[in-house]
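1. pasting the sequence and the predicted model now:
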Amino acid sequence: MSAEITAAQLAEVDRPIGEARGMPNAAYTDARFFAFERDHLFAKTWTALAFCDDHAREGGVAPVDFMGVPLIIARRAKKDGGELAVFHNVCSHRGMRLVGEPAQTNGLLVCPYHAWSYDLGGKLVATPHIGGVGENRAEGFCREKHGLKQVRSHCWMGILFINLSGDAPEFNEHAAPLISRYREFLGEDGAQLLAAPAKDAGLTLEAACNWKLAVENYCEAYHLPWVHPSLNSYSPLARHYCMLIHDDFAGQGTDTFAPTFDGADALPLFPEWPREKRAVAEYPTFYPNLLLGYQVNHFYAMIIHPLAPARVREEVKLFYIGDGAADARHARARRENLAAWRKIFFEDVGAVEGMQQGRQSPGFRGGVFSPKLDAPTHHFHRWVARKYRAAYAHNGTGVAGGAAAQNGRE
Ligand code: FES
Ligand SMILES: [Fe+2]
């Protein structure tokens, strides 16, 4: 089996859906393509990294490994703006990893090797003994030039995104097609109302599959009758529709969402959500690694963390509407909602792992698509193929090596 992905194979992905093939097996199994995708698919756009709420404490820092790139998430003190910042997790001196585990700081990050220290704006503020014992300055050494390397980041809907290359369009411009699609439902303020209660609001799962299979599976409702028979009994395949929202967003939706609106513990609704569309629920993917769920009484996000060519960790957070949604009286509704999603998300694990196993077969050459029900999945394959082609055009054909693109802001 060839481990190269050729321009001709990419062209096959890009054909009209009825004639197209999917991405070749090597894109799902080969470590070189994992690194290639990190540098050319993930690094160059806005990629979901974490949930903002999980990094709420002022002065808190946490290491995060992003496809092999060590990063730090830091929450600045309120007096310094209180926002989240992301840095490369490496000391400017001799390259020590700065943060090994989540920690609470007093506003200073101190390198464990020679104690060079940085504030949470990334500024290098202390260089003990750099000029000899007792001399904390050295002639010709300019601290201003050796701060931490910051990674461009942005918070939206409770999710922290990064753009490793530093040159993607502004986040709000990039996400505009998605934001404008849901303005009708969320209103101008809907995103501000999201609250993620500390309890019963999240889950994590791992699956032995390539990250792209998790996306491809989420894009379509075609598998509902066989993978999710109980969901399909009240939200049948026939009541789902495909959404090709824009180059970077696609998925599926339904008009059969039917929560309980009455009763003391009924969850609050998005106030602007049109009454006649309460049964609408939509499930777009924000390429490359964020799966979203919009419902009248909650929103969820699943961040896919690619760990290896055939391994992902999926982190889900459920958000409710208004601070009151976190009250104890809604505890049962939240618990039941989480249990329902847990069941569905775990049902998908067998499907994505089975597709990964199928990628070991020389008898499979990318597969084909249902011209109707696989449309969003093909849309995603084309997005992937387009990114490969752009990288090949830039680097010459073949797999590009090299480290992840970096934003070198000093
Ligand atoms: S490597 Fe960090 S202080 Fe020397
Ligand atoms: Fe599913």
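-> Structure received. Numbering: from 1, shown residues only. Ligands and ions are numbered 1, 2, ... in the order given.

2. hey, C-alpha coordinates of whichever strand or helix holds residue 387 in PDB?
-> Using DSSP states H and E, residue 387 falls within helix 375-395. This file holds the C-alpha atoms of helix 375-395, laid out as PDB (Å, rounded to 0.1, in the frame of the first residue of the first chain):
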ATOM      1  CA  ALA A 375     -23.000  15.400   1.300                       C
ATOM      2  CA  PRO A 376     -21.600  17.000   4.500                       C
ATOM      3  CA  THR A 377     -19.100  14.200   4.900                       C
ATOM      4  CA  HIS A 378     -17.900  14.700   1.300                       C
ATOM      5  CA  HIS A 379     -17.800  18.400   1.900                       C
ATOM      6  CA  PHE A 380     -15.300  17.700   4.800                       C
ATOM      7  CA  HIS A 381     -13.200  15.400   2.600                       C
ATOM      8  CA  ARG A 382     -13.000  18.100   0.000                       C
ATOM      9  CA  TRP A 383     -11.900  20.600   2.700                       C
ATOM     10  CA  VAL A 384      -9.100  18.200   3.700                       C
ATOM     11  CA  ALA A 385      -8.100  17.600   0.100                       C
ATOM     12  CA  ARG A 386      -8.000  21.400  -0.600                       C
ATOM     13  CA  LYS A 387      -5.700  21.900   2.400                       C
ATOM     14  CA  TYR A 388      -3.400  19.200   1.200                       C
ATOM     15  CA  ARG A 389      -3.300  20.700  -2.300                       C
ATOM     16  CA  ALA A 390      -2.500  24.100  -0.900                       C
ATOM     17  CA  ALA A 391       0.300  22.700   1.200                       C
ATOM     18  CA  TYR A 392       1.700  20.700  -1.800                       C
ATOM     19  CA  ALA A 393       1.600  23.800  -4.000                       C
ATOM     20  CA  HIS A 394       3.600  25.600  -1.300                       C
ATOM     21  CA  ASN A 395       6.100  22.900  -0.600                       C
END
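
3. buried residues, that helix. List them.
-> Buried positions in helix 375-395, judged by neighbour count with 16 or more other C-beta atoms under 10 Å: 375-385, 387-389, 391-392. Where C-beta positions appear, they are placed from N, C-alpha and C, glycine not excepted.

4. which residues does that helix contact?
-> Residues outside helix 375-395 that contact it (C-beta atoms under 8 Å, 6 or more residues apart in numbering): 5, 7, 10, 13-14, 17, 20, 22-23, 27, 36-37, 39-41, 44, 212, 215-216, 219-220, 242-244, 247-248, 250-252, 285, 287, 369, 398, 400.

5. between the buried residues of helix 375-395, which sits nearest ligand 1?
-> residue 391 (32.9 Å; C-beta to the nearest ligand atom).

6. now the helices for the stretch 251-400 of the chain?
-> Remark: helices assigned in the stretch 251-400 of the chain by DSSP state H, counting those that start in this stretch are 331-358, 375-395.

7. any weak-confidence spans in the stretch 201-350 of the chain?
-> Along the stretch 201-350 of the chain, the model assigns pLDDT under 70 to residues 261.

8. need the strands for it, in chain order.
-> For the stretch 201-350 of the chain, the strands defined by DSSP state E, counting those that start in this stretch occupy 202-207, 240-246, 249-254, 281-286, 290-295, 298-308, 311-321.

9. among these, which is nearest residue 56?
-> Closest to residue 56 of the strands of the stretch 201-350 of the chain, according to C-beta to C-beta: strand 311-321, at 12.8 Å.

10. quick one: residues in contact with stretch 117-133.
-> Stretch 117-133 has contacts (C-beta under 8 Å, 6+ apart) with 59, 61, 74-77, 80, 85, 87, 92-93, 98, 105, 107-111, 114-116, 135-139, 141, 143-144, 146-150.

11. wait, which of the strands of the stretch 201-350 of the chain is closest to ligand 1?
-> Per C-beta to the nearest ligand atom, nearest to ligand 1 of the strands of the stretch 201-350 of the chain: strand 298-308, 27.1 Å.

12. up against ligand 1, what does this structure have?
-> Applying C-beta under 6 Å from any ligand atom, we find that the chain lies next to ligand 1 at 91, 93-94, 96, 111, 113-114, 116.

13. can you list those in TSV and add pLDDT, secondary structure and distance to residue 291?
-> TSV is the format used below for the residues of the chain next to ligand 1 (pLDDT from 0 to 100; DSSP: H, G, I helix; E, B strand; the rest coil; distance: C-beta to C-beta, whole Å):
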residue	pLDDT	secondary structure	distance to residue 291
91	98	coil	35
93	98	coil	40
94	98	coil	40
96	98	coil	36
111	98	coil	37
113	98	coil	39
114	98	coil	43
116	98	coil	40
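
14. just the buried ones from those residues?
-> 91, 111, 116.

15. just checking, the last one touches residue 95?
-> No: under the contact definition of C-beta atoms under 8 Å, residue 116 does not touch residue 95, with a separation of 11.5 Å.

16. check contacts around residue 329.
-> With C-beta under 8 Å, 6+ apart, residue 329 has these contacts: 264-265.

17. where is pLDDT lowest across the buried residues of helix 375-395?
-> Note: of the buried residues of helix 375-395, the lowest pLDDT belongs to residue 392, at 91.

18. let me see the domain layout of this protein.
-> 1-42+186-410, 48-154 (automatic domain parsing).

19. redo the strands of the stretch 201-350 of the chain as CSV? Include distance to residue 357.
-> As requested, the strands of the stretch 201-350 of the chain are exported to CSV (distance: least, C-beta to C-beta, whole Å):
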stretch, distance to residue 357
strand 202-207, 12
strand 240-246, 27
strand 249-254, 25
strand 281-286, 23
strand 290-295, 22
strand 298-308, 15
strand 311-321, 13
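
20. can you list the ones you listed in CSV and add mean neighbour count and distance to residue 329?
-> Shown next, in CSV, are these (neighbours: other C-beta atoms under 10 Å; distance: least, C-beta to C-beta, whole Å):
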stretch, mean neighbour count, distance to residue 329
strand 202-207, 17, 20
strand 240-246, 17, 33
strand 249-254, 23, 28
strand 281-286, 24, 24
strand 290-295, 22, 20
strand 298-308, 22, 16
strand 311-321, 21, 12
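
21. which SSE is the residue nearest the centre of the chain in?
-> The chain has residue 48 as the residue nearest its centroid, 3.0 Å off, counting by C-alpha atoms, centre = their mean. For residue 48, the element it lies in under DSSP H and E is strand 47-51.
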